[in-house]
Each structure stands twice: as structure tokens, then as C-alpha cells.
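J.: Quick check, what structure comes out for this input:
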Amino acid sequence: MKRLLIILFCLSPVLALAQSEKPYIREGNDYYKELKFEDAEVQYQKGVNENSSSYEAAFNLSNALYKQGKFDKAKEQLVKLAKSQTDPKKTAECYYNLGNTDLGLCEQLLGKQDMQNAMKAAENALADYKNSLKSNPYDKKTKYNYLYTEKLIEMLKNNQQPPQQNQQNKQDQQQNEDNQNQDNQNKDGDADHDGIPDSTEKGENQDQPRDTDGDGIPDYRDPDSDDDGIPDNVEAGEDPKNPKDTDQDGTPDYRDNDSDNDGTPDSEQARIIPQDMAERILEAINKADEKVQQKVKDEKNAKGSVKHEKQW
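T.: Residues are numbered from 1 along each chain as shown. Here you go, the predicted structure:
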């Protein structure tokens, strides 16, 4: 099955504890780590009941609900929590998880062949990520999810196949672009449409373009030059013509596997999750399209089988 663009994801319980609800949150965290999300929900709910103003208890409760597929309840919890925050960081993470929750709802609705409401859920997710970025404009995970959701909405509207993720498909896709769009690529000077000029991505030797990740595709035609799972157009920053260099080491983020020089690779910090959710969404889209096509076919066959008597 063809795969969707990997989505970046983060749902982990907050570990900072308030006083009165501390025992409940601690026990809930233990259950959460053991993947016993129903038991974790019970403990977090006790924490909320003990201290209704506890951010940690409420936030962790929403995560436990999410993990059980109780997206409506998780969303209700997060909406209230987001509106009550004055700390931009907490506001951003609430809206980030709201976006993930709305994507979960989108998946559920696609499984029910409810395409109209699935589209609404995806659009809500896009708005959630946008609200998150208002409070934390430079968060890579949120930017990535925003771009992913834009692509998902486009697919839902047009039933188009998503970008390929594995290496062979990536090369095949590039081959097709080379064959069909060579003139346009040479003309616009940005072959991979990431905002970074080809001349910048090719490096000092323009005749031997740089290939940072050694995958056989030069950077100027590779949407993820360092192969860390984060698109170049995200890592380039607000001014792609002058790509961002977070740690100021002379290597821009889109070519740097540890862009903030903290010892942890960007791919790990991004916390890339398995693609099962993305694949299930795509499968649901394809099934819905097959159902529509079959309905049209059946209607045509029904019309063709009607006998018309001659009127003399």
C-alpha cells in the first residue's frame, strides 16, 4: 500500500505534579507507562476531581482518553484546558494535541465512510495546529503536522495519492518529475519547491550538486536533504533564501541532523510515530472512492438493462 507523508506526533503525560492530586497523577503515570490507559484515565480523573485547576491532571486525562480512541471526550477536555491557559507554551501544546485528536476523529469518520464530517475534522485539525503556532511559532512538530494536514485535506478533496515515503518510490517520483518538468525546474530555480534556491542547495560546486544524506538524490531535488523526517521547507525557517542555522555551526538546519546541537538527533526529537494511522486514513479514502465508483457503475448497468418498448 502506498503511504502518506509521515506525521509527527507527541502525546505523553506531563510529569510535573501539584500537591493534593499528586498521588493520583503519579499512579496514573505508572498505568500510562504500562499502556493501561483505562486505569490511567480513572486516576487522572480522580486528580481532576481533587483539584479542578490542575493542568497536569487534566492534560494527562485527555491523553489517556485519546489513547483509548475516546476522541470526543479528549477534545472536550482539551478545548476547556486550552481556553483557560495564560502560559503560551501550555496553550500551544493543548492546541497541538487538539489537532492530533481531530485527526483521530477524521480517521474514525473515514472508517464509517462519512467523508463530509471527516473533511470537517481535518479542517478543524488544521485550525488547531494554526492556533498552536500562534503561541509557539517555531515548533517543528506543529509545522510538520500543519503541512501534513494540508496535504490530507487536498487528498480528501481530490482523492489524490500522497507523496511516497520509501526510498524506491521517492526515486521513482523524482524520475517522473525529471522527465515531465525539466524545463520548469530549470526555469524556476527551485526544483524541489522547498523555497531554498537550487544554487544554495547545490553547494560550492554547482556541477557536482551536494547530496547530504547520500541517497542518490541531490539536495536541490530532495525535499528532505538530511533524511531526518522533517521537510526542508520546515527546517529552512521563515526566510528559505537564507536557511536557518539554529546552532550557528555553519551547517543550516535542513542539512544538520542535530540542528540545535543538544546531542539528540532531530529525527528522535521529532518523535516520528509508526505510519499505521496515516495508512488507515489512506485506506479509508480509497475504500470510500471504490464505493462511489461501484455505485456509479451499478446505476449505469441498471439503466442499460431497462427495456424500452417501441411506440408506433
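J.: in the stretch 51-200 of the chain, which spans are helices?
T.: Applying DSSP state H, counting those that start in this stretch to the stretch 51-200 of the chain gives helices spanning 55-67, 71-83, 88-111, 115-135, 140-158, 167-188, 198-202.
J.: next helix or strand past the shortest one?
T.: Elements were assigned by DSSP states H and E; along the chain past helix 198-202, the next helix or strand is helix 232-235.
J.: Could you export that next one as PDB, CA atoms only?
T.: Provided in PDB are the C-alpha atoms of helix 232-235 (Å, rounded to 0.1, in the frame of the first residue of the first chain):
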ATOM      1  CA  ASP A 232      13.500  21.100   4.200                       C
ATOM      2  CA  ASN A 233      10.800  23.800   3.800                       C
ATOM      3  CA  VAL A 234      10.100  23.400   7.500                       C
ATOM      4  CA  GLU A 235      13.700  23.400   8.600                       C
END
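J.: got the contact list for that helix?
T.: Contact with helix 232-235 is made by 140, 143-144, 147, 192-196, 219, 222-226, 240, 243-244, 252-254, 259, 266, as judged by CB atoms under 8 Å, 6 or more residues apart in numbering. Placement of C-beta: from N, CA and C, glycine included.
J.: Try it again at 7 Å.
T.: If you take CB atoms under 7 Å, 6 or more residues apart in numbering as the criterion, helix 232-235 is touched by 140, 143-144, 147, 194-196, 223-225, 240, 244, 253-254, 259.
J.: Now restrict these to buried residues only.
T.: For these, a burial check counting by 16 or more other CB atoms under 10 Å picks out 140, 143-144, 147, 194, 196, 223-225, 240, 244, 253-254, 259.
J.: export the residues you listed to a markdown table and tack on pLDDT and distance to Val42?
T.: Output for the buried ones among the contacts of helix 232-235, formatted as a markdown table (pLDDT from 0 to 100; distance: CB to CB, whole Å):
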| residue | pLDDT | distance to Val42 |
| --- | --- | --- |
| Lys140 | 77 | 34 |
| Lys143 | 83 | 35 |
| Tyr144 | 80 | 33 |
| Leu147 | 83 | 37 |
| Asp194 | 76 | 47 |
| Ile196 | 90 | 50 |
| Pro223 | 77 | 44 |
| Asp224 | 79 | 42 |
| Ser225 | 83 | 47 |
| Pro240 | 84 | 48 |
| Lys244 | 87 | 44 |
| Asp253 | 86 | 42 |
| Tyr254 | 87 | 45 |
| Ser259 | 80 | 40 |
